[in-house]
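Trainee: Just a sequence and a predicted model for now, questions to come.
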Amino acid sequence: MKNKSKIDLKVLRQTADNDLLTVYPRHIFGFKRSELRQMKRSGKMPRTKDLLSEDRAKMSVRQADNNLKQKYEVALKTISRLEKERDSVAGLKNTVQTYSIKQKKGTQATEATAVWVASDWHTDEFIDGSTINGLNHFTPEIAQQRVNNFFTSSLSLTNMSAQNVKIDTIVLALLGDFFTGHIHPDFMEITDTEPIHAVIRVQNMIASGIQYILDNSDYNLVIPCHSGNHARMTEQTRFATENGHSLEFYMYHFLADHFKKEKRVKFVIASGQMSYLDIYNTRIRFMHGHTIRYGGGVGGIYIPVNKAIGQWDKSCRADLTVFGHFHQLRDGGNFICNGSLIGYSSFALSIKADYEKPRQALFLVNSKHGVNCVWKVNVE
């Protein structure tokens, strides 16, 4: 039989134990044929299965050696990597250096105007917290406290900003819907008084807030005024004649008359749906916002608002449009939508509106940088 490099299993099954050694050459079992004959004559012929067992044992040892060698090589590479990392970290030791940062003080060269946005207070409305999973609770008494918080917190933020930049003027934008009224029959069930009494009460709240600013600061006040859709005395919204049917428009004139002798207060009562105010190099468009059509959607108010702004800018461009109505505080870059003082309600839950805490907007207009700060004034 010719020499083979492998043991044929068929031959293995058909060959006697000791005869197998005479069939295969030396490179399989490590014996010469003369050595096999000598062992056969001396009666010391090794058993094939013993040789196979010995070879399997040697093979296992070789495999273990190979595995150990591979692990050793991996360990060497890991050690080398860790040593390099250690040397890198050691190189950072004693390299920390500091330099002096000087406090920047406000100068006369830079000044700013604070803009407080007040809208959507709905001070005459009730909200039963049990109807909206305890997310909000609102009564006329709570409304009074939130109005107070709005004025005190806004003045604190303005004073804080005035430490680093010169501020002479506050723009208090009154953008409407300060009471709910009875524009729909069901509103009679969720308000505590008639619209005339509601407007008198909120008028006194606003007057008290203005007086608080005058008594506790030296700021001048510019007050742009817009009527909301809830203040109307008609069933349907009017456009060209909206102010002629608005209790808020009437209220603004009473407030202006009340402060007419105060040199630090100037009312700007809008005759139309929009008004424009230039603060340094920034033109701001103020409005209530109810003429923006938004019926819900994945993109939120951003798409309809930007479409509307694009059309309005064709006739009279503004750098920033400020409005309320939607009860959600959003900074869109080219617009600021104010939040609400009343907060989350059953109506908001029914239309699947985002939950939002009661808050109002406050921002700064810098003489060099334009609008550079927008704050959410929490009023709870």
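Mentor: Yep, that arrived.
Trainee: Roughly how far does residue 372 sit from residue 161?
Mentor: According to CB to CB, to the nearest Å, residue 372 stands 10 Å off from residue 161. The way it works is simple: take the backbone N, C-alpha and C, and place the C-beta from them, glycine included.
Trainee: which residues does residue 169 bridge with?
Mentor: residue 220 (DSSP bridges).
Trainee: so where do the helices sit in this structure?
Mentor: Using DSSP state H, the helices found in the chain span residues 9-14, 20-23, 26-29, 33-41, 48-92, 140-161, 195-216, 247-258, 302-315, 346-350.
Trainee: Could you export those helices as TSV, including mean neighbour count and mean pLDDT?
Mentor: Putting the helices of the chain into TSV (neighbours: other CB atoms under 10 Å; pLDDT from 0 to 100) gives the following:
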stretch	mean neighbour count	mean pLDDT
helix 9-14	10	50
helix 20-23	19	51
helix 26-29	14	49
helix 33-41	12	66
helix 48-92	10	81
helix 140-161	18	97
helix 195-216	17	96
helix 247-258	18	96
helix 302-315	14	95
helix 346-350	14	76
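Trainee: list the residues that contact both of residue 372 and residue 161?
Mentor: Residues touching both residue 372 and residue 161 by CB atoms under 8 Å, 6 or more residues apart in numbering: residue 364.
Trainee: Give the full set of residues in contact with the closest residue to residue 154 other than its chain neighbours.
Mentor: Among residues not flanking residue 154 along the chain, residue 116 sits closest, at 4.9 Å (CB to CB, 6 or more residues apart in numbering). By CB under 8 Å, 6+ apart, the contact set of residue 116 is 150, 154, 158, 170-173, 360-362, 377.
Trainee: would you turn these into TSV with distance to residue 317?
Mentor: Putting the contacts of residue 116 into TSV (distance: CB to CB, whole Å) gives the following:
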residue	distance to residue 317
150	31
154	28
158	28
170	25
171	19
172	24
173	19
360	26
361	22
362	24
377	28
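Trainee: which among those residues end up buried?
Mentor: 150, 154, 158, 170-173, 360-362, 377 (16 or more other CB atoms under 10 Å).
Trainee: ok, so of the contacts of residue 116, who is nearest residue 326?
Mentor: Residue 326 has its nearest neighbour among these in residue 361, at 12.1 Å by CB to CB.
Trainee: The spatially closest residue to the closest one that is not a sequence neighbour and residue 287, how far apart?
Mentor: Spatial nearest neighbour of residue 361, excluding adjacent residues (CB to CB, 6+ apart): residue 117 at 4.2 Å. Separation of residue 117 from residue 287 (CB to CB): 12 Å.
Trainee: shared neighbours, the two?
Mentor: With CB under 8 Å, 6+ apart as the test, residue 117 and residue 287 both reach 175, 322.
Trainee: which of these two has more neighbours?
Mentor: Neighbours per residue (other CB atoms under 10 Å) separate residue 117 from residue 287, with residue 117 holding more: 28 against 24.
Trainee: which residues does the more buried one contact?
Mentor: Taking CB under 8 Å, 6+ apart as the definition, contacts of residue 117 comprise 173, 175, 322, 324, 336, 338, 360-363.
Trainee: Show me how the record splits the chain into domains.
Mentor: 9-46, 111-378 (automatic domain parsing).
Trainee: Format these as TSV; extra columns: distance to residue 70.
Mentor: Converted to TSV, the domains of the chain look like this (distance: least, CB to CB, whole Å):
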stretch	distance to residue 70
domain 9-46	27
domain 111-378	56
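Trainee: where does the stretch 251-380 of the chain have low pLDDT?
Mentor: For the stretch 251-380 of the chain, applying pLDDT under 70 flags the ranges 296-297, 350-351.
Trainee: again, only this time at 50
Mentor: Scanning the stretch 251-380 of the chain for pLDDT under 50 picks out no residues.
Trainee: Do a quick rundown of the strands in it.
Mentor: 265-269, 275-279, 282-286, 320-323, 330-331, 335-337, 359-366, 370-378 (DSSP state E, counting those that start in this stretch).
Trainee: circling back to that earlier point, tabulate the contacts of residue 117 (a markdown table), appending distance to residue 242.
Mentor: Formatted as a markdown table, the contacts of residue 117 follow (distance: CB to CB, whole Å):
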| residue | distance to residue 242 |
| --- | --- |
| 173 | 18 |
| 175 | 14 |
| 322 | 18 |
| 324 | 15 |
| 336 | 22 |
| 338 | 19 |
| 360 | 23 |
| 361 | 23 |
| 362 | 27 |
| 363 | 27 |
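Trainee: so which of those residues comes closest to residue 145?
Mentor: The nearest member of the contacts of residue 117 to residue 145, counting by CB to CB, is residue 360 at 14.0 Å.
Trainee: what are the bridge partners for that closest one, then?
Mentor: Beta-bridge pairing of residue 360 under DSSP bridges involves residue 377.
Trainee: if I read this right, it contacts residue 150, doesn't it?
Mentor: Yes: look at residue 360 against residue 150 with CB atoms under 8 Å: they come within range, at 5.5 Å.
Trainee: my guess is residue 270 contacts residue 225, does it?
Mentor: Yes: contact criterion CB under 8 Å: residue 270 and residue 225 qualify, at 6.3 Å.
Trainee: More neighbours: which of these two?
Mentor: Ranked by neighbour count (other CB under 10 Å), residue 270 and residue 225 place residue 225 first, with 24 against 19.
Trainee: ok, so what distance separates the more buried one from residue 272?
Mentor: Applying CB to CB to residue 225 and residue 272 gives a distance of 12 Å.
Trainee: ok, now which ones touch the closest residue to residue 291 other than its chain neighbours?
Mentor: Closest residue to residue 291 apart from its sequence neighbours, by CB to CB, 6+ apart: residue 273 at 5.9 Å. Counting by CB under 8 Å, 6+ apart, residue 273 touches 226, 239, 242, 287-288, 291.
Trainee: From those, pick the one nearest residue 354.
Mentor: residue 288 (20.3 Å).
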